[in-house]
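>>> Below is the sequence, then the predicted model.
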Amino acid sequence: MLDFAQASPTETAEVIETTVDAEAGTVQVRPKLGRLNATALLAKRLPTIEHIVPGYIQPGLSIVAGKPKTGKSWLSLGLAVAVATGGPALGNVPVKQGSVLYLALEDNERRLQQRLRQILQEQEVALDGLYFETECPRLDAGGAEAIREWVDATEDARMVIVDVFTKIRPERSSSETGYESDYRALMPLKQLADETSIAVVVVHHTRKMAAEDPFETVSGTNGITGAADTILILDRGGQGTTLYARGRDIEEIETALLFDKQSGAWSAQGPAAEVRRSDERQAILAALAEGASPMSPTELSIKLDVPNANVRQLLQRMLSSGEVSKRGRGLYVLNEEGDGEVVIEE
């Protein structure tokens, strides 16, 4: 810390401002830090946040992470098409139209063309605002400047997608820690997003080791997640695919997603907990319909590969709603009056 009592005039001038009141004959010293107090901040009229994809992508730096082959690129391309056309994202999320730069650094023109045609499904939409590049220099070798040039030259620039981050990541310095390297690597994109109020979406990977908190699975150190404004995790599990979202300017959300192989489109099905509960309810009804005799919660749990506690809680709700009935101690059957609608997939 600088000792002002012993500092030279030159050192002091670097950290404070000095003004001279000629009439009073006094010298006023004003620190460079602490110029904005709470009263002044509250009085400021600041612009509201204009969401890029409401609930998921805001202006700033976002990370979309997932294991290989989970559909991250399909998700990113779908978001790009939605924003570029002003159409709904994830099937039902309204977005404002704007230009998008998609750095498809692991693809080629043939694959991009094929995927675009698959997503569009012969729809006639204007895609003049969606731009592609399959090559880009590393951020510390001209890449950051090239991306900024596109943003500056594009009047309605709204989003830049980098797929995938490894391709343009700066080289790590031998003197840096892992955290410092990860944080510094994302800073050019973070600064660009903050200065231009656009969304920069970086596609990244998750590590193989599972974690109780899905956001802890992002590959690398906490420098990656610390630099980002929003983190999205695309996770495929035994009960389906979930998109986890957490950020500085959004509420934490867990959305069940459904992938349409024919169109290559991801669609939001609703809050994951509610959707999974509905799926489990349907599975229980189907299992009871197929069963030759009443079944216990344990038998249903084993058959459906669902935690026993979940089955017991759901059976109680289904009993109250009249979907199932009890036969004997701890055995369940479909309601005799047929209140439970059963759909058995062939």
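It's in.

>>> contacts and neighbour counts: CA atoms only from here.
Will do.

>>> show me where pLDDT drops low in this protein?
Where the chain drops to pLDDT under 70, the residues are 1-28, 336-346.

>>> need the strands for it, in chain order.
For the chain, the strands defined by DSSP state E occupy 16-21, 26-31, 60-66, 99-104, 130-133, 157-163, 199-205, 230-237, 240-247, 253-260, 265-271, 324-326, 332-334.

>>> what's the fourth one packed up against?
For strand 99-104, the contact count by 3 or more Cα pairs under 8 Å, 6 or more residues apart in numbering; DSSP states H and E identifies helix 72-85, strand 130-133, strand 157-163 as packing neighbours.

>>> quick revisit: which of the strands of the chain sits closest to Q121?
Closest approach to Q121 among the strands of the chain is made by strand 265-271 (10.3 Å; Cα to Cα).

>>> Next, the buried residues of the closest one.
Buried residues in strand 265-271, counting neighbours by 16 or more other Cα atoms under 10 Å, are found at 265-269.

>>> Tell me the one of the residues you listed nearest G71?
Nearest to G71, judged by Cα to Cα, of the buried residues of strand 265-271 is W266 at 8.6 Å.

>>> Name the residues linked to the closest one by a beta bridge.
Following DSSP bridges, W266 is listed with bridge partners F259.

>>> In this structure K67 contacts V203, no?
No. With contact defined as Cα atoms under 8 Å, K67 and V203 do not form a contacting pair (10.8 Å).

>>> check contacts around the residue most central in space within the chain.
Centroid-nearest residue in the chain: L232, 2.4 Å away (criterion: Cα atoms, centre = their mean). By Cα atoms under 8 Å, 6 or more residues apart in numbering, the contact list for L232 reads 56, 62-65, 215, 243-246.

>>> between those residues, which is closest to N92?
Distance to N92 across the contacts of L232 (Cα to Cα) is lowest for Y56, with 12.7 Å.

>>> what about that closest one, neighbour count?
Neighbours of Y56 under the rule other Cα atoms under 10 Å: 22.

>>> Excluding residues flanking it in the chain, which one is nearest it?
Of all residues not flanking Y56 in the chain, A245 sits nearest, at 6.4 Å (Cα to Cα, 6 or more residues apart in numbering).

>>> what's the spacing between that neighbour and L234?
9 Å (Cα to Cα, to the nearest Å).

>>> Could you chop this structure up by domain?
9-43, 60-251, 275-334 (automatic domain parsing).

>>> show me where the stretch 101-250 of the chain has helices.
Assigned helices in the stretch 101-250 of the chain, in chain order: 109-120, 143-153, 178-196, 222-227 (criterion: DSSP state H, counting those that start in this stretch).

>>> My read is that L127 contacts A84, right?
Yes. Between L127 and A84 a contact is recorded at 6.5 Å, counting by Cα under 8 Å.

>>> and those two? which has more neighbours close in?
Of the pair L127 and A84, A84 is the one with more neighbours under other Cα under 10 Å, namely 26 against 13.

>>> Contacts for stretch 151-171 next, please.
With Cα under 8 Å, 6+ apart as the criterion, stretch 151-171 contacts 52, 73, 76, 80, 83, 98-106, 136-141, 143, 185-186, 196, 198-204.

>>> next one: it to chain centre, how far?
16 Å (Cα atoms, centre = their mean, to the nearest Å).

>>> Stretch 226-242 now?
7 Å.

>>> same deal with stretch 318-331?
On Cα atoms, centre = their mean, the centre of stretch 318-331 falls 40 Å from the chain's centre.

>>> begin at 43 from here
All right, first residue 43 from here; so that's stretch 360-373.

>>> buried sites along that stretch?
Buried residues in stretch 360-373 (16+ other Cα under 10 Å): 360-361, 364-368.

>>> Go through those residues and say which is closest to A252.
Distances from A252 to the buried residues of stretch 360-373, taken by Cα to Cα, are shortest for M360, at 32.6 Å.

>>> The closest one and T340: what is the separation?
In this view, M360 and T340 are 16 Å apart by Cα to Cα.

>>> Can I get the domains of the chain in TSV including distance to D302?
Output for those, formatted as TSV (distance: least, Cα to Cα, whole Å):
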stretch	distance to D302
domain 51-85	47
domain 102-293	10
domain 317-376	17
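
>>> and those, which is most packed in?
domain 102-293 (a mean of 18; mean count of other Cα atoms under 10 Å).

>>> next one: that domain to chain centre, how far?
9 Å.

>>> how long is that domain end to end?
15 Å.

>>> again with stretch 89-108
End to end - Cα to Cα - stretch 89-108 spans 33 Å.
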